[in-house]
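Colleague: Quick one, fold the following:
(2 chains)
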Amino acid sequence: MSLLLQHIRKAYRQPEGDLLPVLGIEHFELARGEQAVLLGSSGGGKTTLLNTISGILVPDSGRVIVDGRDIVSMPEVVRDRYRASRIGIVFQTFNLLPAFTALENVLLGMTFSGRAVDHDFAKELLQRVGLGHRLHHRPSRLSVGEQQRVAVARSLANRPVLLLADEPTANIDPANQDLILKLIRETCRDHKVSLLMVTHSMDAAQQFDRIERLHEFNQPELCQTGAVR
Amino acid sequence: MNLLLIAWKNLLQRRLASSLTALSIGLGVMLMVLVLVISGAVETAFTQRSIGYDLIVGPKGSDLQLVLSAVYRIQPPIENLPAMYLDELRNDRRVVTAVPLAFGDVTEDGSFPIVGTTDEYFQNEYLPGQKFSFQSGGQRMVKLFDAIIGADVARQNGWNTDDRFSILHGGAEGSKHDEKFTVVAVLAPTGTANDRTVFLNLDGFYAIDGHEKPVEEIEKRLRDFYAADADRLQQALTELDDYRQQLQVEEQTGTPAVAPRAMQEVTAVLVRTRPATPFDAISLSADLQKGFQAMAVNPIRPIQRLMTNVIGNVQKALMVMTGLIILVSGVSIFVSIYNSMSDRRREIAIMRALGAGRHHVFGIILAESALLCTGGAVLGWLTGHGLAVAAAPWLIRRTGLLISPWNISPWEFTLFPALAALGILVGFLPALTAYRTNVADALSQ
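Modeller: Next up is the predicted model:
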């Protein structure tokens, strides 16, 4: 199993001091290689959930088990490194670093994992997403579609077990949306990576065998007053 | 990719801002290098054993003025000594060499100081272990109005052997002497005041019209000088009486009078004592301290005093000022990086999301700051020494200082570690901001 969420509670403390419950998930799992799409309304907690799974946010309680290890109980330094080596992330706004070329952006993903940086694999990934001829171009010289393809390649740089994609096609023109989606799904399939993708697009969602609606398994009201991180 | 490379790439991304901040550090370092090079030259000029003699003997007065006038030729002379006193010194068993110097005049072209001396001056070492060599011409002033000139004089005035020149009496605004002098030799560069000096035959110096003082004035001086030595005073007065008679005969018959030794004066005497008995210089100096009107000065001590009390403090003040410039540049680096942090929150958050730990982003920002400081330092160091190389010929011509543009001061060895430390110091707060970046917040912006 790639991902298992148990008894997750997450609430934000608001400026007035009140608690805003966001996540209350009793159980959620994703099998190895499984691909699921997550639907939900704006402000429904989708991004908070992805940040919690990736360890960027720590839940108030509960367990987030990625590839057999609970990342909540890890010290932050270990969790950061674990995220780098086990979880790939594709952002809605690509989030490529402008100072680095396409190849360097992919290598950057490897740098923080603690593993040896594999130039050949980085090039192979970029070739796989059709950017073999754009290795040394900076993001500013790439089209929007190309930038997102670099982001996909970067997310797979450390051979993760789980890929989190937060509306990866939202900022892309319709012609490229299918291409990117297909690319993400195929590369995940080829590398046996589990995929959890957040989207608003029903067209995109219908391509997945498993469609999850956040409001169906998330019950924020389960959050009790207590420690809020 | 390592953190240093990531930091370097980040700096390249903000080329203009990075260059300007590094440049500000570079300018500070450049100024510091120039101050160090020039200070080094000044220090070398004033702290080396600046002359190949043990003592300088001159009339009583300021020891510093005596050294500055006799060795560096940058001060007017104090007064004169009777030439008879030179003979006494030469007869002292402790003295190996006593070379007379007579000065006060300057060349008409370039206002270079004139020094009347003997050939002995050129046979002795001008610095310990260093003897004069000549870049052209013979090596002796045989004729009365022969002259040997320093390398800078030759270069600046375009003079060579057989060229003739005039001199002015008692300073650049004095009257012009009628006599014309002929260059018989040009000294090779020495890196000392000799390069800026014109040497005349001492006898020629005495023979210059107007250099001979009235007999009454000389008599008064001799009476003062030899007040405690009746025998010598009597000998001198006898010579003067005889000379007065000769002058009367000259007036009546035209037979030229020959000035006796008592009529001649020297401005200073360079003395070398017996090398086997180093206390000779001290005992001679002590003897002179007790009586007469003369003093013997160890050329090193007044200069050391000058270095410690005046030049050293000026150097320190300049160093502190350039240090402050670098510090201000450091603050500008801090402001530049700190201000950029709000724009870079997202970049930092992306790196954190990719797995970078807080310590990674902290290190990257510190490395950026240290790179700016050390990069600016390298740039400033090279520019400083480059400028020193370019300006050295001009400075040497203008000041006579022996500038060694690539001479590295011990201070410079501390410059790079100090600037790296400054970089880390000014980068600490921005790095802490990066360390504390809230990843989820920054990504959602």
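Colleague: Not counting sequence-adjacent ones, nearest residue to the closest residue to chain A within the stretch 1-150 of chain B?
Modeller: Nearest to chain A, among the residues of the stretch 1-150 of chain B, is B:Gln13, at 3.5 Å (Cβ to the nearest Cβ). All C-beta spots, glycine's among them, are computed from the backbone N, C-alpha and C. Closest residue to B:Gln13 apart from its sequence neighbours, by Cβ to Cβ, 6 or more residues apart in numbering or on different chains: A:Ala99 at 3.5 Å.
Colleague: ok, so what distance separates the one you found from A:Arg138?
Modeller: According to Cβ to Cβ, to the nearest Å, A:Ala99 and A:Arg138 sit 8 Å apart.
Colleague: which residues does the residue nearest to B:Gln13 contact?
Modeller: By Cβ atoms under 8 Å, 6 or more residues apart in numbering or on different chains, the contact set of A:Ala99 is A:138, B:9-10, B:12-13.
Colleague: Spatially, which two of those are the most separated?
Modeller: Largest separation among the contacts of A:Ala99 by Cβ to Cβ: A:Arg138 and B:Asn10, giving 12.9 Å.
Colleague: and these two? which has more neighbours close in?
Modeller: B:Asn10 (22 against 17; other Cβ atoms under 10 Å in any protein chain shown).
Colleague: Let me know the helix or strand that the more buried one is in.
Modeller: Per DSSP states H and E: B:Asn10 is located in helix B:3-13.
Colleague: buried sites along that helix?
Modeller: Buried residues in helix B:3-13, counted by 16 or more other Cβ atoms under 10 Å in any protein chain shown: B:3, B:6-11, B:13.
Colleague: now, which of the contacts of A:Ala99 sits nearest B:Pro76?
Modeller: Nearest to B:Pro76 among those is B:Leu12, at 60.1 Å by Cβ to Cβ.
Colleague: Relative to A:Leu125, how far out is the closest residue in space to that closest one that isn't next to it in sequence?
Modeller: Excluding its sequence neighbours, the residue lying closest to B:Leu12 (Cβ to Cβ, 6+ apart) is A:Ala99, at 6.6 Å. Distance, A:Ala99 to A:Leu125, using Cβ to Cβ: 20 Å.
Colleague: Show me which residues of chain A sit near chain B.
Modeller: Taking Cβ under 8 Å from any Cβ of the partner chain as the contact definition, chain A meets chain B at A:47-48, A:51, A:54, A:56-57, A:76-77, A:80-81, A:83-85, A:89, A:91, A:95, A:97-100, A:104, A:107-109, A:111-113, A:117, A:154, A:158.
Colleague: phi, psi of the most centrally placed residue in chain A?
Modeller: In chain A, the residue lying closest to the centroid (Cα atoms, centre = their mean) is A:Leu164, at 2.1 Å. Per-residue torsions, A:Leu164: phi -110, psi 120 (degrees, to the nearest 10).
Colleague: That one reaches A:Gly55, doesn't it?
Modeller: No - using Cβ atoms under 8 Å as the test, A:Leu164 is too far from A:Gly55 to be in contact (10.7 Å).
Colleague: so which residue of chain A comes closest to chain B?
Modeller: Nearest residue of chain A to chain B (Cβ to the nearest Cβ) works out as A:Ala84 at 2.1 Å.
Colleague: contacting residues for that residue?
Modeller: A:Ala84 makes contact with A:109, A:112-114, A:158, B:354-356, according to Cβ under 8 Å, 6+ apart.
Colleague: Same check on A:Asp178?
Modeller: Applying Cβ under 8 Å, 6+ apart, no residues qualify as near A:Asp178.
Colleague: now do A:Ala122
Modeller: Counting by Cβ under 8 Å, 6+ apart, A:Ala122 makes contact with A:103, A:106-107, A:110, A:153, A:157.
Colleague: which one is it nearest to, not counting chain neighbours?
Modeller: Nearest residue to A:Ala122 in three dimensions, chain neighbours excluded: A:Val106, at 4.2 Å (Cβ to Cβ, 6+ apart).
Colleague: And for B:Val96?
Modeller: Ranked by Cβ to Cβ, 6+ apart and with sequence neighbours excluded, the top spatial neighbour of B:Val96 is B:Arg272, at 4.9 Å.
Colleague: And what about that neighbour, helix, strand or coil?
Modeller: strand (DSSP: H, G, I helix; E, B strand; the rest coil).
Colleague: For beta bridges, what are the partners of the residue nearest to the centre of chain A?
Modeller: Note on A:Leu164: beta-bridge partners by DSSP bridges are A:Ile89, A:Leu196.
Colleague: Look up how far A:Arg79 lies from it.
Modeller: Where A:Arg79 is concerned, A:Leu164 sits at a distance of 15 Å (Cβ to Cβ).
Colleague: State the mean pLDDT of the longest helix along chain A.
Modeller: Assignment by DSSP state H gives helix A:174-190 as the longest helix of chain A. The predicted model gives helix A:174-190 an average pLDDT of 86.
Colleague: Buried ones in it, by neighbour count?
Modeller: Judged by neighbour count (16+ other Cβ under 10 Å), helix A:174-190 contains these buried residues: A:176-177, A:179-181, A:183-185, A:187-188.
Colleague: One more: stretch B:161-179?
Modeller: For stretch B:161-179, burial by neighbour count (16+ other Cβ under 10 Å) applies to B:161, B:165, B:167-169, B:177, B:179.
Colleague: Pull the residues that contact the helix or strand encompassing A:Ala204.
Modeller: Following DSSP H and E, one finds A:Ala204 within helix A:202-205. Contacts with helix A:202-205, where a contact means Cβ under 8 Å, 6+ apart, come from A:37, A:39, A:169, A:177, A:181, A:197, A:199, A:211.
Colleague: And for stretch A:40-50?
Modeller: For stretch A:40-50, using Cβ under 8 Å, 6+ apart, the contacting residues are A:10, A:22-23, A:25, A:38, A:57, A:89, A:164, A:166, A:196, A:198, A:213-215, A:218, A:220, B:440, B:444.
Colleague: Go again with 6 Å.
Modeller: Here stretch A:40-50 makes contact (Cβ atoms under 6 Å, 6 or more residues apart in numbering or on different chains) with A:22-23, A:164, A:166, A:198, A:214.
Colleague: The residues you listed in strands, which ones?
Modeller: Using DSSP state E, A:22-23, A:164, A:166, A:198 are the members of the contacts of stretch A:40-50 that sit in strands.
Colleague: Poorly predicted segments of the chain, please.
Modeller: No chain in the question, so chain A it is. A:224-229 (pLDDT under 70).
Colleague: To clarify, I was referring to chain B.
Modeller: Regions of chain B meeting the criterion pLDDT under 70 cover residues B:45, B:47-50, B:171-174, B:292, B:396-402.
Colleague: where do the helices sit along chain A?
Modeller: A:46-54, A:76-86, A:102-111, A:119-128, A:144-155, A:174-190, A:202-205, A:214-217.
Colleague: do you know which of those helices lies nearest B:Leu425?
Modeller: Counting by Cβ to Cβ, B:Leu425 lies closest to helix A:76-86 out of the helices of chain A; the figure is 25.1 Å.
Colleague: part of a helix, is B:Leu237?
Modeller: Yes - judged by three-state DSSP, B:Leu237 forms part of a helix.
Colleague: State the distance from it to chain A.
Modeller: Here the criterion is Cβ to the nearest Cβ, to the nearest Å. By it, B:Leu237 lies 93 Å from chain A.
Colleague: Let me see the contact set for A:Gly24.
Modeller: By Cβ under 6 Å, 6+ apart, the neighbours of A:Gly24 are A:9, A:219-220, A:222-223.
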